[in-house]
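Q: Predicted model follows, preceded by the sequence.
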Amino acid sequence: MEYVRPGTTGSRYRGYAWAPWPTAVRIGPGPNARGLSRKHILSSIDASLKRLKTDYVDLYQIHRWDPETPIEETLGALNDVLRSGKVRYTADLHGWTRLVTMQNHYNLVYREEEREMIPLCAEEGIGVIPWSPQARGFLSGNRDRTGEGKTVRGKTDDFAKELYRREEDFAVAERVGELAREVGASNAQVALAWLLSKSVVTSPIVGASKLRHLDEAIGALSVKLDATQIARLEEPYVPHEVEGH
């Protein structure tokens, strides 16, 4: 995913641009079209800058761990990209620049990050930007207990069905719906408001396929949950196996 705010492309732009992930998932033919090798990272940032029509990005992230590339090679390449001026932020290791963000799998249905990763981020001052804050639409009610999807994504997203499928998961989604009706908000807004109530969360990564989805997400900023409501949302949760990584 790449993003530049509309109307701000070009070398004079000095605002927000985000081009995450030299990815560990194959994105093309050949041995260098995947992973976190030095070659792939360096070629990926150049390609991103060309597509974005800008001369740097503010934040550059790796999307997946790459077990086939030594971590020293990955961190060294990221450090070189930053030193070149193509990236503003991207270990304290060998005097390299610190990593500043963590893209966590974190939402009301999956909270295993609370065990170790989120406390570590809080201690080290690392920004937490959770992906799938709506659990791929599950918390918005796109699938019922029978497994029947109520939206196109609910019917076709097999990965979501692997991640969010247990009886306890549906209990969490139903609790979100109950509270949403009480506070006069949508399920999506309550799920986002819960994340935003966590001081360690910098910003959730919000996906949208329609303009109204963005308006709805912005509306979540006005939904303020008290301690009792947060406890009610969290009460049905049952620990999971580590998934989504």
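A: All right, it came through fine.
Q: Asp58 belongs to a strand, doesn't it?
A: Yes: membership of Asp58 in a strand is supported by DSSP: H, G, I helix; E, B strand; the rest coil.
Q: For the residue lying closest to it once chain neighbours are set aside, what is the enclosing helix or strand?
A: On the basis of Cβ to Cβ, 6 or more residues apart in numbering, the spatially nearest residue to Asp58 that is not a chain neighbour turns out to be Arg88, at 4.7 Å. C-beta: built from backbone N, CA, C; applies to glycine. Element membership for Arg88, per DSSP states H and E: strand 87-89.
Q: ok, now how distant is the nearest residue to Val238 once chain neighbours are set aside from Gln229?
A: Taking Cβ to Cβ, 6+ apart as the measure, Val238 lies nearest to Glu168, with 4.1 Å between them; neighbours along the chain are not counted. Remark: distance between Glu168 and Gln229 (Cβ to Cβ, to the nearest Å) = 19 Å.
Q: tell me the pLDDT at Asn79?
A: Asn79 carries a pLDDT value of 87.
Q: and it, helix, strand or coil?
A: Secondary structure of Asn79, per three-state DSSP, is helix.
Q: which residue ranges form the helices in the chain?
A: Assigned by DSSP state H, the chain shows helices spanning 38-52, 71-83, 117-124, 152-156, 158-163, 167-183, 187-196, 211-219, 227-234.
Q: weakest of those helices in terms of mean pLDDT?
A: Considering those one by one, the lowest average pLDDT is found for helix 152-156, at a mean of 79.
Q: Grab the nearest non-local neighbour of Gly149.
A: Lys155 (3.3 Å).
Q: need the contact list for the spatially most central residue of the chain.
A: Averaging the C-alpha coordinates of the chain gives a centre point, and the residue nearest to it by Cα atoms, centre = their mean is Trp131 (2.2 Å). Under the criterion of Cβ atoms under 8 Å, 6 or more residues apart in numbering, the contact list for Trp131 reads 103-106, 204-205.
Q: State the distance from it to Thr202.
A: Here the criterion is Cβ to Cβ. By it, Trp131 lies 13 Å from Thr202.
Q: cool, Glu68 as well?
A: Spatial separation of Glu68 from Thr202 under the definition Cβ to Cβ is 30 Å.
Q: more neighbours, those two?
A: More crowded of Glu68 and Thr202, by other Cβ atoms under 10 Å: Thr202, with 16 against 9.
Q: Got the confidence number for the closest residue to the more buried one other than its chain neighbours?
A: Closest residue to Thr202 in three dimensions, ignoring its sequence neighbours and counting by Cβ to Cβ, 6+ apart: Gly127, at 3.8 Å. What the model reports as pLDDT for Gly127 is 90.
Q: give me the beta-bridge partners of Gly127?
A: When bridges are assigned using DSSP bridges, the partners listed for Gly127 are Thr101.
Q: Next, the contact list for it, please.
A: With contact taken as Cβ under 8 Å, 6+ apart, Gly127 is in contact with 100-102, 121, 202-203.
Q: again, but for His105
A: Listed by Cβ under 8 Å, 6+ apart, the contact partners of His105 are 112-113, 130-132, 243-245.
Q: hang on, the earlier thing: didn't the residue nearest to Gly149 look like it was pressed against Lys161?
A: No: because the distance of 9.9 Å does not satisfy Cβ atoms under 8 Å, Lys155 is recorded as not touching Lys161.
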